[in-house]
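>>> how does the following fold in three dimensions:
(one chain, ligands or ions: 1)
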Amino acid sequence: SFETGEGKQKVALRIRPLNDAEIEEGATTVAHKIDRQMVVLMDPCEDSDNVLRSNRSREKTYMFDVVFDYTATQDVYVATTKNLIDGVIAGYNATVFAYGPTGAGKTYTMLGLDSEPGIYIQTLNDLFRAIEDSTEDLDCSVYMSYIEIYNEIIRDLLNPSSGYLELREDAKGEIRIAGITEFSTCNAKEIMALLTKGNKQRTQESTAANKTSSRSHAILQVTVKQKSRVKDINEEVRVGKLFMVDLAGTERASQTQNRGKRMKEGAHINRSLLALANCINALSEKGGKGAQFVNYRDSKLTRLLKDALGGNSRTVMITHISPASSNFEESRNTLVYADKAKNIRTKVKRNLMNVSYHLAQYTRIIADLRSEIDRLRAKIDQQSQEQQKGEKADIREIQAEVQQYSHGEMALLQEQILSAFREQMEIRRSLMELENCNMELHVDTSRHLLTISDWERDRARARQGRVKVTEEKTDREKEEEQESGPEEPQYVTAAREEIGPLLAEQRKTMELKRELEEKLMTMKLKSSKIEELLPKRISNREQRDILTLLCKVHELELEKTEIQSAVLCKEYVLRTKDFIIQRQEQQRMLCDDIIHQQKALIEDQGLCVPEELQELYSLYFSELNDGSVDQIVDLHTFATNPRVVSDTLKDSTPVCPTEAVSPDTLREIVSDTKSISVIAAKRRSHLVKETTSRVAGLALATGLKSSVSMDSLVSALADDSAEVKRNPPRHGGRSQSKQDLKTTESRRELPERHQHKKRSRSFEASKKV
Ligand SMILES: Nc1ncnc2c1ncn2[C@@H]1O[C@H](COP(=O)(O)OP(=O)(O)OP(=O)(O)O)[C@@H](O)[C@H]1O
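Have a look, this model is predicted:
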């Protein structure tokens, strides 16, 4: 079994056997397991006319933590999930995902058959056994719930009659499902029966790729609660949660010939899968300090898994593919995604765009609702005026109309108006989701285009460089080398391949959007027709009541939308701040690197530096050594994290980051910082003039413009240092002093995060991002 390090996502791959239908259609096996961790996928298409294709290798290899092929039994469990159990009993969260296209074997791995039980049942069996074998004196209870998320709607698979369930956030910020059934049983047979029955309740339908395709995400949640049997004031309660998720198929709409309803499902499925991927990426980026924003709110799936993903969760993703040549495209897309899931990527840009886009959509809905409210208000006013006139009208006329519209009929009309409004709101929200989905597709496409153009630019540069080197070679040799160029890396090929399907999906989403917009127009017409049905003059009071009610509903909806958009705005501001902090942190790391490298260079060469600069170096290193900068950062993290603050206030026990910051230390830090900044500011003013003129000189010499980029500045400074090395300055220098030696020494002793190597590595990583 493979290690499941804390917070790190592990990715396994399972290739199912060829099925009868695939054999019948003469499909060949194109996905082969090479060794325990490697799989090779062969392109079945031999298109020698296609120059691009024939130039590329027909084989692609992918590496995962563990790979299984058709020979694997349900022991896949042992190598992927078994070692999560101890953690769950110890009070940690764990999550296992089954991911892959429709019909690739996700449900088979997770649920399995009566004769070959899958991960659900094997996990529960081992969990119960481990609890029984435990020697700790603990009272233990295990609860189980099984739900599905279909088109962003939650249903209880163990109690389908309970209708749609809502997600609620409790006072502690934990997400719960209101009204969910929780079973507590230790009998494996009973559990299998429950799960099989529950699975039959799942929204399944036949797609071209799978006769009983699960259209929803199914989540089996197991909670293990343990309490100390010994009555104690500090009674320990441990809660470990294990989520086992059978995700809906990831098929692209075009490949399963899905239309209409299927398309909408596809949009929802992709959206929640995308949201999940974003969260996992952001979380693995988070590391120690955690400036990265994790957006759980994008889908119900991620909101529900927030606890499992964001806490001490160990996450395993089991990717599934078919080995058949007929499913080559699907398998390749899946492998590319799974391969990405192993990597760390930031999504800051995407989130920022997402929010502003959402906001524009909210604004549109708000404007729409406002104009509707205005219209209704005008109508109510008109009604009141008519009523006043009507009071003088012929009493017999009024009586005739009263008889025409019974009270029941009025109630029916009222209900019709309200349900038409509800439907309209639902379409509006679906439209929002579709637009969002489309935007994500658009961002993905742009990202791929950018990857390709970056690579093409690098290749062009490389070619230019080679032209210089090969000047001595014959024309023929030169031509050959130019044509071949450096081989295209896998990520660029993958980006090229993804663009086509992404564009196709974008077109489909746009079509669906147009359909929905038409539906919205029809609904609006329908509502106004119902309103017209209301009696002209009679029962003015009732009619006015209905209009007032409708107005109220609109107002409430408006309020809700405004609140949602305000929340979004706040999230946006926070995310922007996170982004700025991240950029500044990168900048700071870069500066640290430059300082360290320059200092090392100066020391290595025994160069003389101006006294002012030497003092600034001392200041800089003394701040690093006494850790005051880190304490300030910790303090800031603490002060700007409301959850930590409220927890601290509740327990009155200091939480980790503040432990090091007592009020006295705080005072010291602040006064130190003040004095340091005053000295630094004084010193800087001397240096700035000098440095500015030097940089300006350098800029002129190296042809840099005023907007000097970081990279060019670094290399310019490096050149400058080399220059200094050759011609040490004549003024005010002094040889390496005691202080210098001390700082050199202390640099060696710096905590790991201040080490130069680590810094430059992380900077490289952030640069790539
Ligand atoms: N490893 C395997 N060995 C034998 N049969 C398998 C294996 N994997 C899948 N199958 C069979 O293939 C069929 C489709 O599998 P399954 O329903 O698990 O796919 P799925 O990925 O859950 O599809 P969907 O996303 O549409 O629900 C089932 O009949 C299943 O029994």
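>>> quick one, phi/psi of residue 104?
phi -90, psi -10 (degrees, to the nearest 10).
>>> measure it to residue 195 for me?
Residue 104 sits 20 Å away from residue 195, going by CB to CB, to the nearest Å. (C-beta placed from N, C-alpha, C; glycine too.)
>>> between the two, who's got more neighbours?
residue 104 (28 against 24; other CB atoms under 10 Å).
>>> these two touch, right, that one and residue 318?
No: Residue 104 is beyond contact range of residue 318, at 10.5 Å (criterion: CB atoms under 8 Å).
>>> what packs against the strand or helix carrying residue 457?
Assigning secondary structure by DSSP states H and E places residue 457 in helix 407-469. In terms of contacts (3 or more CB pairs under 8 Å, 6 or more residues apart in numbering; DSSP states H and E), helix 407-469 is packed against helix 261-286, helix 348-390, helix 475-484, helix 490-533, helix 540-605.
>>> pLDDT averaged over it - what is it?
Over the span of helix 407-469, the pLDDT mean works out to 74.
>>> kindly report the same for stretch 339-346.
The model assigns stretch 339-346 a mean pLDDT of 54.
>>> and if you look at stretch 570-583?
Per-residue scores along stretch 570-583 average to 67.
>>> wasn't residue 319 part of a strand?
Yes: counting by DSSP: H, G, I helix; E, B strand; the rest coil, residue 319 falls inside a strand.
>>> quick one: the residue nearest to it when sequence neighbours are not counted and residue 316, what's the gap?
Spatial nearest neighbour of residue 319, chain neighbours left out: residue 338 (4.1 Å); criterion: CB to CB, 6 or more residues apart in numbering. According to CB to CB, residue 338 and residue 316 sit 12 Å apart.
>>> now list whatever residues contact both of the two.
Jointly contacting residue 338 and residue 316 under the rule CB atoms under 8 Å, 6 or more residues apart in numbering are residue 11.
>>> who has more neighbours, these two?
residue 316 (25 against 22).
>>> which phi and psi values does that one adopt?
According to degrees, to the nearest 10, residue 316 has phi -130, psi 130.
>>> what kind of secondary structure is residue 101 in?
Per three-state DSSP, residue 101 ends up coil.
>>> that one reaches residue 327, doesn't it?
Yes: counting by CB under 8 Å, residue 101 touches residue 327, with 7.1 Å between them.
>>> so residue 506 is in contact with residue 438, correct?
Yes: using CB under 8 Å, residue 506 is in contact with residue 438, at 6.0 Å.
>>> residue 177 - nearest residue in space that isn't next to it in sequence?
Closest to residue 177 by CB to CB, 6+ apart is residue 165, at 5.0 Å.
>>> what about the one you found, how many residues nearby?
So residue 165, with other CB under 10 Å, has 20 neighbours.
>>> what does the pLDDT read for it?
86.
>>> list the residues that contact the residue nearest to residue 319.
Counted by CB under 8 Å, 6+ apart, residue 338 has contacts 11, 13, 62, 64, 99, 317, 319.
>>> need the residues you listed in a markdown table with neighbour count, can you?
Putting those into a markdown table (neighbours: other CB atoms under 10 Å) gives the following:
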| residue | neighbour count |
| --- | --- |
| 11 | 25 |
| 13 | 28 |
| 62 | 22 |
| 64 | 24 |
| 99 | 26 |
| 317 | 27 |
| 319 | 28 |
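>>> what sits against the nearest residue to residue 562 once chain neighbours are set aside?
Nearest residue to residue 562 in three dimensions, chain neighbours excluded: residue 366, at 6.2 Å (CB to CB, 6+ apart). By CB under 8 Å, 6+ apart, residue 366 lies in contact with 558, 561, 562, 565.
>>> now with 10 Å, please.
557, 558, 559, 561, 562, 564, 565 (CB atoms under 10 Å, 6 or more residues apart in numbering).
>>> pretty sure the fifth one contacts residue 367?
No: in this structure, residue 562 is not within contact of residue 367 by CB atoms under 10 Å, at 11.4 Å.
>>> the two: who's more crowded?
residue 562 (15 against 11).
>>> distance check, the more buried one against residue 550.
19 Å.
>>> now residue 277
Taken as CB to CB, the span from residue 277 to residue 550 is 42 Å.
>>> tell me how many other residues crowd residue 14.
25.
>>> buried ones in stretch 138-145?
Within stretch 138-145, the residues that count as buried by 16 or more other CB atoms under 10 Å are 138, 140, 142, 143, 144, 145.
>>> now swap in stretch 453-460 and tell me
residue 455.
>>> what's next to that stretch, contact-wise?
So stretch 453-460 is contacted by 485, 486, 487, 488, 489, 491, 492, 493, 495, 496 (CB under 10 Å, 6+ apart).
>>> spell out which parts of this protein neighbour the ligand.
Within the chain, the positions adjacent to the ligand are 16-17, 19, 100, 102-108, 210, 213-214, 248-249, 320 by CB under 6 Å from any ligand atom.
>>> quick check, the residue in the stretch 301-450 of the chain closest to the ligand?
The stretch 301-450 of the chain approaches the ligand most closely through residue 320 (5.7 Å), counting by CB to the nearest ligand atom.
>>> wait, isn't that residue in contact with residue 334?
Yes: contact criterion CB under 10 Å: residue 320 and residue 334 qualify, at 7.6 Å.
>>> these two - which one has more neighbours?
residue 320 (29 against 23).
>>> not counting sequence-adjacent ones, nearest residue to that one?
Per CB to CB, 6+ apart, closest to residue 320 is residue 100, 3.2 Å.
>>> can you tell me which residues contact that neighbour?
13-16, 106, 109, 247, 249-251, 317-322, 330-331, 334-335, 337-338.
>>> phi, psi for it please.
phi 150, psi 170.
>>> these two touch, right, residue 337 and residue 97?
No: counting by CB under 10 Å, residue 97 is not a contact partner of residue 337; they are 11.9 Å apart.
>>> what touches both of those two?
11, 273, 317, 319.
>>> any idea which of the helices and strands packed on helix 407-469 scores lowest on pLDDT?
When I compare the helices and strands packed on helix 407-469, helix 475-484 is least confident, with a mean of 57.
>>> surely residue 196 is in contact with residue 114?
Yes: using CB under 10 Å, residue 196 is in contact with residue 114, at 7.4 Å.
>>> more crowded one of those two?
residue 196 (16 against 10).
>>> point out where the stretch 51-200 of the chain drops to low pLDDT.
51-57, 170-174, 188 (pLDDT under 70).
>>> doesn't residue 332 belong to a helix?
Yes: counting by three-state DSSP, residue 332 is found in a helix.
>>> now for it, how many residues are close by?
20.
>>> next one: residue 375
Count around residue 375 with other CB under 10 Å applied: 15.
>>> can you check residue 179 too?
Around residue 179 there are 14 residues (other CB under 10 Å).
>>> that one in helix, strand or coil?
coil.
>>> that one against residue 158, yeah?
No: Residue 179 is beyond contact range of residue 158, at 11.9 Å (criterion: CB under 10 Å).
>>> picking that back up, and the two most separated of the shared contacts of residue 337 and residue 97?
The span of these, defined through CB to CB, is set by 11 and 273 at 14.6 Å.
>>> pull stretch 508-526 out as PDB, backbone CA atoms only.
Only the C-alpha atoms of stretch 508-526 are listed here, as PDB (Å, rounded to 0.1, in the frame of the first residue of the first chain):
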ATOM      1  CA  LYS A 508     -22.800  23.500 -26.500                       C
ATOM      2  CA  THR A 509     -23.100  25.500 -23.300                       C
ATOM      3  CA  MET A 510     -23.900  28.600 -25.400                       C
ATOM      4  CA  GLU A 511     -26.700  26.700 -27.200                       C
ATOM      5  CA  LEU A 512     -28.100  25.600 -23.900                       C
ATOM      6  CA  LYS A 513     -28.000  29.100 -22.600                       C
ATOM      7  CA  ARG A 514     -29.900  30.400 -25.600                       C
ATOM      8  CA  GLU A 515     -32.500  27.700 -25.000                       C
ATOM      9  CA  LEU A 516     -32.800  28.700 -21.300                       C
ATOM     10  CA  GLU A 517     -33.100  32.400 -22.200                       C
ATOM     11  CA  GLU A 518     -35.900  31.700 -24.600                       C
ATOM     12  CA  LYS A 519     -37.600  29.700 -21.800                       C
ATOM     13  CA  LEU A 520     -37.200  32.600 -19.500                       C
ATOM     14  CA  MET A 521     -38.900  34.900 -22.000                       C
ATOM     15  CA  THR A 522     -41.800  32.400 -22.300                       C
ATOM     16  CA  MET A 523     -42.100  32.200 -18.600                       C
ATOM     17  CA  LYS A 524     -42.300  36.000 -18.300                       C
ATOM     18  CA  LEU A 525     -45.000  36.100 -20.900                       C
ATOM     19  CA  LYS A 526     -46.900  33.400 -19.100                       C
END
